[in-house]
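Enquirer: Return a 3D structure for these sequence lines:
(2 chains)
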Amino acid sequence: MLISWELLKNFIDIEPLELTPEELAERLTFSGSEVESITYTAGKMSGIVAARIDALETHPEDSKYLIAHLNTGTGEHVCVTSAKNMKKGDLVFYAGEGSVLPDGTKMGTRDFHGVQSFGMMLSAEELGLHYVDDPSGLLILPNDARPGDKAESLYHIGDVILDVSITPNRGDLLSHLGTAREIKGLYPKSILKTPEWLRPLKQDKEWSEDFGKISLPDKGCYAYRLGLATGAKIGGSPLTAKIDLAHLGMRPINNAVDVTNYIMLMLGQPLHAFDLNTLPSREITVRAAHSGEHMTTLDGKDRELTERDMLITSGGEAIALAGVMGGEQTGINDGTSTIVIESASFSPVRVGHTSRRLGINSEAAFRFARTVDPSLSKSALMAATTLMRDWCGAEVDYRPLSAENEIHEPKPVTLTRKKLSTYLSWDNMNEAVKILEGFGIKHVKGDGDERVFMPPTSRPDITIEEDLIEEVGRFRGYNDTEDRLPGEMPRRADIGETMRLSGFIRNTLMSRGYTEVLTYSFLPEDFPEKLRLSPDDLRAKPLTIANPISRDQTAMRTTLLPGLLMGLKTSVTSGWREPVRIFEEGRVFLRDGENSHTEPEHAAGIIFNGLDTRSPFGNRNDDFYSIKADIESLITARGYSPEFVSGHEPFTHAGQTADILVDGVKIGFAGRLKPAIEQELDVEGVYAFEIDVTGLSEARKPEFKPASSFPASFRDISLLVSIDKSNDSVMNDIRECVNESGNDDIVLEGLRIFDIYSGKGIPEGFRSLAYTLSYRSRNRTLTVEEVETLHNNVRESLKRKGYIIR
Amino acid sequence: MPEDINISTVRDSFRESLASAKSLQELDEIRVKFTGKKGTLTQLLRSLGKLPPEIRKSTGQELNTLRDEIEQSLELTGKKIRDTENENQEFSQRIDVTLPSKGRKSGAFHPVLQTMHEIADIMQGLGYSVASGPEIEEDYYNFECLNVPAWHPARDMQDTFYFPDGTLLRTHTSPVQIRSMLKYGAPLRIVCPGKVYRRDNDTTHSPMFNQMEGLLVDKNVPFSVMKGTMSEMLNAFFGKSLRYRFRASYFPFTEPSMELDIECVECSGHNPHCRVCHGTGWLEVAGMGMVHPNVIRAGKIDPDEFNGFAFGIGLDRMAMLKYGIGDLRLLFDGNVSYFMSGFGGAESC
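Expert: Numbering: from 1, shown residues only, chains lettered A, B, ... in the order given. Okay, the predicted model is just below:
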């Protein structure tokens, strides 16, 4: 909301406060209405004065130009111009030599074919006033200006405009009147005033034209009033009004329309003026729209309506979407002389629904949705007709036509010392009464620890005790209150398993060389195709946003992998040639039946050796087994044993992928990226994993196993195995054979592969796997003989299983 | 005993040989020469029996003394030679310790998540537990329960992403307040960190960002405790005691509502050209207030019995302030070079 310092003076006497606009802005900001900027409208203007044209002659050399002799009260000045819209005796603004325009341009002397022009006469545009006047001609001043008067002191040219950000609960501050009342509350010594045009006007004449009935079958229209102005002459508004409107961001249109905009900015009441003769019928009905009914609004758009919308109709025809936007046909044109002014009051809920659903945020809808004081409809109408008289020369002493429904009256609110003291840690009730009365909230009852207040109609936001407390709080400010923590606080807080797990995951992966990233939860719509997910894969059916801002941020991620791959791509493209190891921990979003979804917590990582893998210690060569170690670190430290079995994912290398199982249940995958996808990303050798960490949130306690004090015996064994047989299954066979062959006293405490060999001496389709076994007893030292016997038994049973021992 | 070999000759000969010994091998040869099977000393000892009994004892003692001397000298010299050899070898095995480290070096934390964990830990110390809720949320929890009905202009403050079924991406972490009150009742002390979403995208707004909500509900909760809690949290996070100030504001779910500014963490208000506070000396960091009775009621708690306060802080903003990050959107593109340069270091080999 733009607020004019000059116009505020119509409503409040601020001079005695000796307040600067900056000081006021600070007070407003700290009490809840942030002042976003302060603009001095005169800018860098200096030395510009009013001047009378004493003589005007055509340039002897070039008839395009006129030579003006100007009187500024202090001397005569000669000025050449190409403008044509002035005559002898007119008053204009003159920027003499050495003067400065609002934009900082400094005036000099210019030669026009031998005639010296000292400075120039100004158009409205050159004064920084847009839309106020024809930019091609000079701004001709009303004849009340005196030659020599400074421009910035005339017609509000030198105003100060505050841009105030109004919170949605304070519709009353969307006007100069409301702002003045707020200032009165914040500065108790200031005195409110009533501008001349807001004084009561005698309006008792019957309408010159017959008008039927106003009916309000919809209770959402609290009041509807029409005022009449006859014999109006449509033209420009007074210069000061035009400049005021321009400063307040409103384009001057004509005097009749300007009146309605001006009153809205001054009082907060939206108004509509139209030519009586454009009304389809001399009757008004405000009713709920029928579901499916259509109307075309002022912006030419066809709107489909619901029963929550309200229509203003005349003779059965919709002329406006109540409180939101007018229809196409009613308006004011140059030939209008009989003007009807509409001033109404509507339910904020109804207007709010309509404006939000249709996306129309007109000045009227914006105000009605934030509540317009219902008592304003009467006074604003009277003020508007007064200005129609002053600005349009109309006759306005006609009695307004009115219809009213039930208007919600403010209800009393009680303030208790107890709550005041709890909420503000301050409890001076008498002081509180003074503060509240300053904001127009009347103390009506009680003088002890419970006092009753009646809010004014302009403050519908005050309905409960907390609202009163906030008024006191924002007047006093919150900075003086002590800050403290309770002395005794039972501290049983728990950051919880999810947070703890997440802390563990990031600590582990970071120390293993991964960098943590955070990528968007939404992905491009085609990510399932990019990952080659089959259509029946749950991950291929993401939830999609109905109103995305971009196509790249439409589908909710079902896997963390695309975000990581984008991170990889971004890193590499940005010139990073070193290894990329990144991980993310966060939610994915999966459909779960028709209307529900789940948000499981995932952790995923990728490693890439970098574009430049050279190193003095041999090339960097992280691969599947490196990423496997990372996953094992994550899972085993939580007390679980992961199992890796040959697996498949549509986006991973067919021969280098593992399913990760915990307690026999798949929790994720690890593997190399599918070469085709690597090629699309223009990188080679990317290894990835993704696991659902939900199952790991509760850490299992490690089981304590005391070390045996008796020595272990080590034996090696080398087996010839088909390349399709996995290391895990060979190890299982070895364990089984030990269990079968041994006696219960001796355990196979360790089993570890230490060599893999294929090539010379090994038949095609086979490989040689070498293991070392450690045997130990918990209660005695094993003899060489019994270890030999046991190990031979193991060898024999392995042979029986079909192994060839080398 | 042969006449021509006497003990002192053997001793002199041993000492002479030992003095010239340069390697362990030479030393071994000397050992064989004197104490080996056919060694000079061994032979002398063997011939001891042939000596007359009157000198046998004294000669035996002399020979034993010589044997001890030879053995000790051999050992001592052997140690010396070994030490020298080791020293030489160590010198030849010297390396350039300034070469880069080998293998993976640790990665880096994401500043926003680091901030989230730090603040959650601080709040745990103040007695707050962590609560969570879905990111795809119902209108009911995100707006209705928080005193923002469908027609309310406050909805303009938060432009929302919707799904076709009417659910939405939560615009703030506040719905977790309601869910937690319904789940745990009062008294209650929680923080809820997490991602939130709004339809905004420019240098100061990202469509996804991170918030942390705090909520305390108890009997007779005074405003001063909210102030104490906020300053405790911010001082702990920034690691210094900061000046702060409150500005009255408006949120539909709190009454009274206010915003909190802290002194500029970069310049403390001393630099009129500060890139962080733009010379104002203050930084806006949190919105808060006493919980609106309607919100308490939506959490199925009696507002006549319980009250409380709630606050919301932008974790991204906190991280940007603490770590001096300029553009919010850089935080979400996963570019490892950005984080490694800022929070890790050069990659090792």
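
Enquirer: Could you use CA atoms for every contact and neighbour count after this?
Expert: OK.

Enquirer: List the neighbouring strands of the lowest-mean-pLDDT helix or strand in chain A plus their orientation.
Expert: Ranked by mean pLDDT, DSSP states H and E, the weakest helix or strand in chain A is strand A:325-326, scoring a mean of 82. Partner strands and pairing direction for strand A:325-326 (DSSP bridges) are strand A:317-321 (antiparallel).

Enquirer: how about the partner strand: buried residues?
Expert: Using 16 or more other CA atoms under 10 Å in any protein chain shown as the test for burial, strand A:317-321 gives A:318, A:319, A:320, A:321.

Enquirer: pLDDT and distance to residue A:662 added to those residues, as a markdown table?
Expert: Output for the buried residues of strand A:317-321, formatted as a markdown table (pLDDT from 0 to 100; distance: CA to CA, whole Å):
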| residue | pLDDT | distance to residue A:662 |
| --- | --- | --- |
| A:318 | 89 | 68 |
| A:319 | 88 | 70 |
| A:320 | 89 | 67 |
| A:321 | 91 | 63 |
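
Enquirer: quick revisit: the next helix or strand after the least confident helix or strand of chain A - what's its average pLDDT?
Expert: Once the chain leaves strand A:325-326, the next helix or strand it forms, by DSSP states H and E, is strand A:339-346. Strand A:339-346 shows a mean pLDDT of 94.

Enquirer: outside of strand A:339-346, which residues touch it?
Expert: By CA atoms under 8 Å, 6 or more residues apart in numbering or on different chains, the residues outside strand A:339-346 that reach it are A:220-230, A:232, A:269-276, A:322-323, A:332, A:368, A:372-374, A:377-378, A:380-381, A:384-385.

Enquirer: what packs against the host helix or strand of residue B:43?
Expert: Using DSSP H and E, residue B:43 sits in helix B:40-46. If you count contacts as 3 or more CA pairs under 8 Å, 6 or more residues apart in numbering or on different chains; DSSP states H and E, helix B:40-46 packs onto helix B:24-35, helix B:53-92.

Enquirer: any idea of the mean pLDDT for it?
Expert: With pLDDT averaged residue by residue, helix B:40-46 scores 85.

Enquirer: for stretch A:269-282, same thing?
Expert: 89.

Enquirer: again, but for stretch A:519-532
Expert: Computed over stretch A:519-532, the mean pLDDT rounds to 95.

Enquirer: With stretch B:184-196 instead?
Expert: 93.

Enquirer: Ok, stretch A:93-103 next?
Expert: Mean predicted lDDT for stretch A:93-103 stands at 89.

Enquirer: How about the residues of the stretch 51-200 of chain A by chain B?
Expert: Counting by CA under 8 Å from any CA of the partner chain, the stretch 51-200 of chain A comes close to chain B at A:167, A:168, A:169.

Enquirer: Check the offset of the helix or strand harbouring residue A:355 from the chain's centre.
Expert: Per DSSP H and E: residue A:355 is located in helix A:348-358. Taking CA atoms, centre = their mean, to the nearest Å, one finds the center of helix A:348-358 at 20 Å from the center of the full chain.

Enquirer: So which residues make contact with it?
Expert: In this structure, residues lying in contact with helix A:348-358 by CA under 8 Å, 6+ apart are A:220, A:303, A:308-310, A:322-324, A:361, A:365, A:368-371, B:150-153.

Enquirer: Which of the buried residues of strand A:317-321 sits closest to chain B?
Expert: residue A:321 (16.2 Å; CA to the nearest CA).

Enquirer: residue contacts, residue B:161?
Expert: Taking CA under 8 Å, 6+ apart, one finds A:545, A:546, A:547, A:548, B:168, B:169, B:197, B:198, B:199 in contact with residue B:161.

Enquirer: Could you rerun that using 6 Å?
Expert: By CA atoms under 6 Å, 6 or more residues apart in numbering or on different chains, residue B:161 lies in contact with A:547, B:168, B:169.

Enquirer: Please apply the same query to residue B:227.
Expert: Neighbours of residue B:227 in contact, by CA under 6 Å, 6+ apart: residue A:483.

Enquirer: hmm, try it at 7 Å
Expert: Taking CA atoms under 7 Å, 6 or more residues apart in numbering or on different chains, we find residue B:227 in contact with A:483, A:484.

Enquirer: measure it to residue A:184 for me?
Expert: Distance check for residue B:227 against residue A:184: by CA to CA, to the nearest Å, it reads 29 Å.

Enquirer: before we move on, what about residue A:350?
Expert: 32 Å.

Enquirer: still on that earlier bit, inside strands: which ones of the contacts of residue B:161?
Expert: The strands, defined by DSSP state E, take in B:168, B:169 from the contacts of residue B:161.

Enquirer: Are any of the contacts of residue B:161 buried, and if so which?
Expert: For the contacts of residue B:161, buried by 16+ other CA under 10 Å: B:168, B:169.
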